[in-house]
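J.: model the structure of this input:
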Amino acid sequence: MALTVKSSYALRALFELAIMTKEEGRDKVTISELSERQNIPKDFLEKIFSELRDAGILKSIRGKFGGYVLLKEPDKLRLSEIVGILDKPLQSYDCVNGECRLEIDCAVEFVWKRVHNSMMLELDKMTLQDIIEYGTKLANVKKAKMSEDLLEAEIDGK
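T.: Model prediction:
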């Protein structure tokens, strides 16, 4: 109905870009690296990043040692902005995009506008930083579980 794999890939790649630049101290990251780390088709990611670059979310650095950087801090980059650029949620519904062809008021217009507004309001509450924090928590839980499993294996092996 609204969100596509395009937005999902964008959020995953932006998460990875933010982690690689902030936590790993990189000044830029290539599409190839992001594609590989997040298992996203490179050609599709190039198209997504081109749209985000044109919208002022990313900056591309050309050349052999080029790559991408975020133009906004993760805590300032709202998910509604990203999704709005890439998916234009519910814009296929004429009543949401303002192009309704019905001569009388559409009885379901309020449904699609309400769903659209609710979704965008929720996405507007979240930032890329929220994804980073959640991803960090997941990684820490995974590391703790792996450590616990190793400890159990050592105990069982003795």
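J.: list the contacts of stretch 12-19.
T.: Outside stretch 12-19, the residues that touch it by CB atoms under 8 Å, 6 or more residues apart in numbering are 29, 34-35, 37-38, 40, 45, 48-49, 52, 57-58, 68-70, 74, 77, 82, 128, 131-132, 135. (C-beta placed from N, C-alpha, C; glycine too.)
J.: let's see that with 6 Å instead.
T.: If you take CB atoms under 6 Å, 6 or more residues apart in numbering as the criterion, stretch 12-19 is touched by 29, 34, 37-38, 45, 74, 128, 131-132, 135.
J.: got the CA positions of it in CSV?
T.: The C-alpha coordinates for stretch 12-19 follow below in CSV (Å, rounded to 0.1, in the frame of the first residue of the first chain):
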residue,chain,number,x,y,z
ARG,A,12,19.5,-0.2,5.9
ALA,A,13,22.2,1.5,3.7
LEU,A,14,21.9,4.8,5.6
PHE,A,15,22.3,2.9,8.9
GLU,A,16,25.4,1.2,7.6
LEU,A,17,26.8,4.5,6.2
ALA,A,18,26.3,6.2,9.5
ILE,A,19,27.9,3.3,11.4
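J.: what separates that stretch from the chain centre, distance-wise?
T.: The chain centre lies 8 Å from the centre of stretch 12-19; the measure is CA atoms, centre = their mean, to the nearest Å.
J.: stretch 123-134 too?
T.: Distance, stretch centre to chain centre, for stretch 123-134: 9 Å (CA atoms, centre = their mean).
J.: same deal with stretch 60-78?
T.: Distance, centroid of stretch 60-78 to centroid of chain: 14 Å (CA atoms, centre = their mean).
J.: give me the mean pLDDT for it.
T.: Here stretch 60-78 scores 92 as its mean pLDDT.
J.: A helix includes residue 60, no?
T.: No: secondary structure of residue 60 (DSSP: H, G, I helix; E, B strand; the rest coil): strand, not part of a helix.
J.: which ones are touching it?
T.: Listed by CB under 6 Å, 6+ apart, the contact set of residue 60 reads 53, 68.
J.: try 7 Å
T.: Going by CB atoms under 7 Å, 6 or more residues apart in numbering, residue 60 touches 53, 66, 68.
J.: buried ones in stretch 74-94, by neighbour count?
T.: Neighbour counts over stretch 74-94 (16 or more other CB atoms under 10 Å) mark 74, 77-87, 89-90, 93 as buried.
J.: sorry, slip of the keys, the one I care about is stretch 121-141.
T.: Within stretch 121-141, the residues that count as buried by 16+ other CB under 10 Å are 123, 127-128, 131-132.
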